[in-house]
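**Q** Pasting a predicted model and its sequence here:
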Amino acid sequence: MTSTSVFIPAPATPYQGDIARYWDHEARPVNLRLGDVDGLYHHHYGIGDVDHAALGDPGDSTYENRLIAELHRLESAQAELLLDHLGPIGRGDTLVDAGCGRGGSMVMAHQRFGCTVEGVTLSAKQADFANRRARELGVADHVRARVRNMLDMPFETGQAAASWNNESSMYVDLHDLFAEHARVLTVGGRYVTITGCWNPRYGQPSKWVSQINAHFECNIHSRREYLRAMADNRLVPQAVIDLTAATLPYWELRATSSLVTGIEDAFIRSYKDGSFQYLLIAADRV
Ligand SMILES: C[S@@+](CC[C@H](N)C(=O)[O-])C[C@H]1O[C@@H](n2cnc3c(N)ncnc32)[C@H](O)[C@@H]1O
Ligand SMILES: CC(C)=CCC/C(C)=C/COP(=O)(O)OP(=O)(O)O
Ligand SMILES: [Mg+2]
């Protein structure tokens with residue numbers, strides 16, 4: 001598995017065409033400069049406490065670089081937590097990253113398990129970027145991204161020991177998504193998602209959630225929709241972890257940086273008013 005497939009299917013819908021264009025043109029410093037820290041490029045957010053000793057004094061000339069390294073450390077910690085929930089994975093197994101972005105989580109999964117990791121993204125630019133990084137790291141025989149729709153993945157039924165969505169499930173219908181994961185997963189395999197979802201206890205999506213949807217052209221689902229769509233598709237939750245408190249330090253630190261994008265306040269306010277939650281759900285394919 002060494003070459004990038006050049007076959008790029010037409011978008012399944014006009015919306016998917018919009019999303020492909022969105023990610024083809026994305027080049028925010030908050031993502032590229034963090035990725036440059038160690039060559040793992042993420043498009044997800046961070047968890048865990050800020051290491052204030054590592055950050056040092058805001059007056060120091062190196063402070064901004066330390067802040068960037070700290071945000072990146074928290075984003076990688078988020079991916080490590082997702083990988084912690086995949087269960088026992090062998091070197092001969094295949095993992096599927098649905099909505100793989102620039103491939104940071106795929107590389108981390110291969111480095112941890114030694115296994116094959118297959119990713120799909122709508123963006124040809126992202127797939128090229130991920131495959132270039134895999135070649136540079138010498139792991140292109142085990143890590144590959146392709147331009148494909150996660151609702152119609154190029155994998156055999158039962159091929160995957162585990163699969164995941166890391167902040168990519170808000171772009172699709174959840175019933176369609178979980179039906180496709182249930183198809184590609186082996187019986188007894190594990191599905192994991194980390195996602196932002198609106199909280200049914202709040203009532204309806206808050207104005208902050210609507211603002212996040214508009215910012216990213218996505219459609220955030222409710223926690224209830226996740227659990228219902230899993231139940232309908234042979235995915236039985238084994239762990240539901242509320243990461244809202246764990247992600248707030250990342251957002252509060254990010255809001256003080258030069259790399260702000262303008263969406264920080266909506267995340268902080270919606271996490272604090274209880275209308276939005278950052279969740280990990282790990283489910284068994286039964
Ligand atoms: C916020 S990024 C997350 C990237 C990656 N999971 C990470 O953690 O860095 C969302 C990703 O979902 C992908 N995506 C959205 N809808 C998709 C679809 N229908 N099929 C495949 N990928 C999709 C986008 O192309 C993008 O790569
Ligand atoms: C939790 C939710 C609702 C996520 C929406 C999906 C999304 C765009 C994630 C982060 O991508 P990014 O890393 O490209 O965003 P940013 O540029 O803000 O860091
Ligand atoms: Mg980011």
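**A** Arrived safely, thanks for sending. Ligands and ions are numbered 1, 2, ... in the order given.
**Q** Flag every residue of the protein that's near ligand 2.
**A** 28, 30-31, 43-44, 167, 170, 196, 212, 216, 218, 220, 261, 263 (Cβ under 6 Å from any ligand atom). Heads up, the C-betas are built off the backbone N, CA and C, glycines and all.
**Q** list the contacts for residue 153?
**A** Residues counted as contacts of residue 153 (Cβ atoms under 8 Å, 6 or more residues apart in numbering) are 96, 98, 120, 180, 184.
**Q** How many neighbouring residues does the second one have?
**A** Residue 98 sits with 27 neighbouring residues when counted by other Cβ atoms under 10 Å.
**Q** What helix or strand is the closest residue to it other than its chain neighbours located in?
**A** The shortest distance from residue 98 to any non-neighbouring residue, by Cβ to Cβ, 6 or more residues apart in numbering, is to residue 150 (4.0 Å). Following DSSP states H and E, one finds residue 150 outside all helices and strands.
**Q** Next: residue 225.
**A** Judged by DSSP H and E, residue 225 forms part of helix 223-231.
**Q** What strands flank whichever helix or strand comes after that helix, and is each parallel or antiparallel?
**A** Using DSSP H and E, the helix or strand that follows helix 223-231 in sequence is strand 235-242. Strand 235-242 has the following strand partners under DSSP bridges: strand 276-285 (antiparallel).
**Q** pLDDT weak spots in the stretch 151-286 of the chain?
**A** Counting by pLDDT under 70, the stretch 151-286 of the chain contains no low-confidence residues.
**Q** what bridges to residue 241?
**A** residue 280.
**Q** the residue most distant from the middle of the protein, which is it?
**A** Distance from the C-alpha centroid of the chain, by Cα atoms, centre = their mean, peaks at residue 59 (33.4 Å).
**Q** Helix, strand, or coil at the residue in the chain that ligand 2 sits nearest to?
**A** Nearest residue of the chain to ligand 2: residue 196, at 2.9 Å (Cβ to the nearest ligand atom). Taking DSSP: H, G, I helix; E, B strand; the rest coil as the rule, one finds residue 196 in the strand state.
**Q** Could you do the one 5 residues further on as well?
**A** At residue 201 the chain is in coil, as set by three-state DSSP.
**Q** Distance of it relative to residue 274?
**A** According to Cβ to Cβ, to the nearest Å, residue 201 and residue 274 sit 7 Å apart.
**Q** sorry, back to before: what about ligand 1: which of the contacts of residue 153 touch it?
**A** Okay, of these touching ligand 1 (Cβ under 6 Å from any ligand atom), that's residue 120.
**Q** Which single one of the contacts of residue 153 is nearest to residue 251?
**A** residue 98 (24.8 Å; Cβ to Cβ).
**Q** Can you give me every residue that contacts that closest one?
**A** 119, 120, 150, 153, 163, 164, 165, 168, 177, 180, 181.
**Q** still on that earlier bit, filter the residues of the chain next to ligand 2 down to just the buried residues.
**A** Buried subset of these (neighbour count, 16 or more other Cβ atoms under 10 Å): 30, 31, 43, 44, 167, 170, 196, 212, 216, 218, 220, 263.
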